[in-house]
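1. Quick check, what structure comes out for this input:
(one chain, ligands or ions: 1)
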Amino acid sequence: MQPYFIAPSILSADFARLGEDVDKVLAAGADVVHFDVMDNHYVPNLTIGPMVCSALRKYGVTAPIDVHLMVQPVDRIIGDFIEAGASYITFHPEASAHVDRSLQLIKDGGCKAGLVFNPATSLDALKYVMDKVDMILLMSVNPGFGGQKFIPSTLDKLREARALISASGRDIRLEVDGGVNLHNIRAIAEAGADTFVAGSAIFNAPDYAEVIAQMRAELAQVQK
Ligand SMILES: O=C(CO)[C@H](O)[C@H](O)COP(=O)(O)O
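-> Just a heads-up that it's a prediction; the model follows:
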């Protein structure tokens, strides 16, 4: 199992002071910046694109930036995010006409590639591309908005994904996104996740360092 990563979703950050807020959450102990890209087409919301990713890099953010594409089509925006300094780029298989090609485009650009699965989407798309995947992201809410409730069936799906990763023998991160908080993070880790996206639970807390430390304390008690 890889070390646990806490990945605050900047969907819940203060967009008017994004650089400062990202600095603050990283200084508070976050490992990864989770960057939600929504196009008002694949999902019913509109957020940020490659220019903002590039601006964060120019501002001085050196932590990994984990770009979650909730866009359709996928391929024409991949190159822009590679240029903008993304570290991970993940996309939804049903949003790409050619999943293998999209994964390869990401990897050819030197980024880590991953697939994202909505709560009701099966993991079947992984079958022939496990060798190209560096991250599997399970949505534990329907994508589009922060602040939703964790969907409990994600726990079984995490166990299923963890078994696939173990069978592959590869280092693949297993990320979960949606409704992650202090009360459920331990159970989510026990089901197999190693990377935890949390938006409202972190950015709505009065003290980012305190909530991240509490999350790590929960993770320290994980029993497998
Ligand atoms: O991708 C997302 C929604 O599509 C967000 O990353 C996710 O919902 C995180 O927010 P919260 O922790 O508040 O649920």
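2. sec struct for the nearest residue to Lys132 once chain neighbours are set aside, please.
-> Sequence neighbours aside, Leu103 is the residue nearest to Lys132 in space, at 4.3 Å (criterion: CB to CB, 6 or more residues apart in numbering). Bear in mind the C-beta positions are built from the backbone N, C-alpha and C, glycine included. Following DSSP: H, G, I helix; E, B strand; the rest coil, Leu103 is assigned to helix.
3. Might one say that Leu103 is in contact with Val133?
-> Yes - Leu103 is within contact range of Val133, at 6.8 Å (criterion: CB atoms under 8 Å).
4. Now for these two: what residues contact both?
-> Ala113, Leu115 (CB atoms under 8 Å, 6 or more residues apart in numbering).
5. ok and the residue in the protein nearest the ligand?
-> Gly199 (2.9 Å; CB to the nearest ligand atom).
6. which bits of this protein sit near the ligand?
-> 9, 11-12, 34, 36, 68, 141, 143-148, 177-180, 197-201 (CB under 6 Å from any ligand atom).
7. Check these for burial and list the buried ones.
-> 9, 11-12, 34, 36, 68, 141, 143-146, 148, 177-180, 197-201 (16 or more other CB atoms under 10 Å).
8. Could you pull out the buried residues of stretch 123-138?
-> Ala125, Leu126, Val129, Met130, Lys132, Val133, Asp134, Met135, Ile136, Leu137, Leu138.
9. tell me the two of those that are most distant?
-> Lys132 and Leu138 (18.0 Å; CB to CB).
10. follow-up on the earlier one: dump the buried residues of stretch 123-138 to JSON lines, plus secondary structure and distance to Arg216.
-> JSON lines is the format used below for those (DSSP: H, G, I helix; E, B strand; the rest coil; distance: CB to CB, whole Å):
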{"residue": "Ala125", "secondary structure": "helix", "distance to Arg216": "32"}
{"residue": "Leu126", "secondary structure": "helix", "distance to Arg216": "29"}
{"residue": "Val129", "secondary structure": "coil", "distance to Arg216": "32"}
{"residue": "Met130", "secondary structure": "helix", "distance to Arg216": "30"}
{"residue": "Lys132", "secondary structure": "helix", "distance to Arg216": "31"}
{"residue": "Val133", "secondary structure": "coil", "distance to Arg216": "27"}
{"residue": "Asp134", "secondary structure": "coil", "distance to Arg216": "23"}
{"residue": "Met135", "secondary structure": "strand", "distance to Arg216": "21"}
{"residue": "Ile136", "secondary structure": "strand", "distance to Arg216": "22"}
{"residue": "Leu137", "secondary structure": "strand", "distance to Arg216": "21"}
{"residue": "Leu138", "secondary structure": "strand", "distance to Arg216": "21"}
